[in-house]
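Undergrad: Just a sequence and a predicted model for now, questions to come.
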Amino acid sequence: MLRIRKASERGHADHGWLNTYHTFSFAGYYDQRHMGFRELRVINEDRVQPKAGFPTHPHRDMEIVTYVLEGALEHKDSMGNGSVIRPGEVQRMSAGTGITHSEFNHSGSEPVHFLQIWIVPEMDGVTPGYEQTLFPDEEKRKTLRLIASRDGRNGSVIIHQDVNLYAALLEQGEEIDHLLPAGRHAWLQVARGSVEINGNRLEQGDGAAASDENRLIVTGMEKSELLLFDLA
């Protein structure tokens, strides 16, 4: 069974410096029907204006994955990490027992466009941790490239939950095929472009929840970028 979450139905807030869309309930947006999917709790599509950003703020007991689509996002945290995240790079931060961090767009002219993802960890109180890894475009073309997993296989960043997160780049007419074992679920998020999943058209910003499906066939309807979450 597929359930489609249209981009136009998401929560939205425009703060001037930040234009943000919430796939699931977040901050001032609450919808009891959309509190997350399995252990996937947040998918926020954020656009931060030049010379603006999120001031230092706390997190705990959450796995946070940042996926930059355009621009560059500077990160600083209480663990001593300081970096700039650019397209193709994936950042994983395990908040665990508690961290603080800030995110800022230092460009004087270009906004930064990114997805911020929260996944509920399988246990509370893990030691905070940080990873940042580049996954080149050629590794994601016409294939599902594993970018985050519980065991860190194939060079993916490690998240403390039974989730496999894949990224893919498709041209028009290209197809990928993903098998879902019994008891597994999936969420597909279209980051850019448009795709068809098992005969259902999805546009940029749309998502789809899959349960009781043993196979997902995703076809690019134009040049597209997508994330696929394979969840327990």
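TA: Alright, I've got the coordinates.
Undergrad: What helix or strand is the one residue sitting closest to the centre of the chain located in?
TA: The residue lying closest to the centre of the chain (CA atoms, centre = their mean) is residue 117, at 4.3 Å. Secondary-structure assignment from DSSP states H and E places residue 117 in strand 112-119.
Undergrad: Neighbouring strands of that strand in the sheet, and parallel or not?
TA: strand 40-48 (antiparallel), strand 63-70 (antiparallel) (DSSP bridges).
Undergrad: and those as CSV, adding mean pLDDT?
TA: Output for the strands paired with strand 112-119, formatted as CSV (pLDDT from 0 to 100):
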stretch, mean pLDDT
strand 40-48, 98
strand 63-70, 98
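Undergrad: Distance to residue 26 and mean neighbour count for the ones you listed - can I get that in TSV?
TA: Every C-beta, even on glycine, is put in place using the N, C-alpha and C of the backbone. Output for the strands paired with strand 112-119, formatted as TSV (distance: least, CB to CB, whole Å; neighbours: other CB atoms under 10 Å):
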stretch	distance to residue 26	mean neighbour count
strand 40-48	6	21
strand 63-70	13	20
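Undergrad: of those strands, which approaches residue 102 most closely?
TA: Closest to residue 102 of those, according to CB to CB: strand 40-48, at 11.7 Å.
Undergrad: quick one: contacts of the following helix or strand past that closest one?
TA: Going down the chain from strand 40-48, the next helix or strand is strand 52-59, by DSSP H and E. For strand 52-59, the surrounding residues in contact (CB atoms under 8 Å, 6 or more residues apart in numbering) are 17-18, 48, 73-74, 76, 93, 95, 98-105.
Undergrad: Any of those buried? List them.
TA: For these, a neighbour count by 16 or more other CB atoms under 10 Å gives the buried set as 18, 48, 73, 74, 93, 95, 99, 101, 103, 104, 105.
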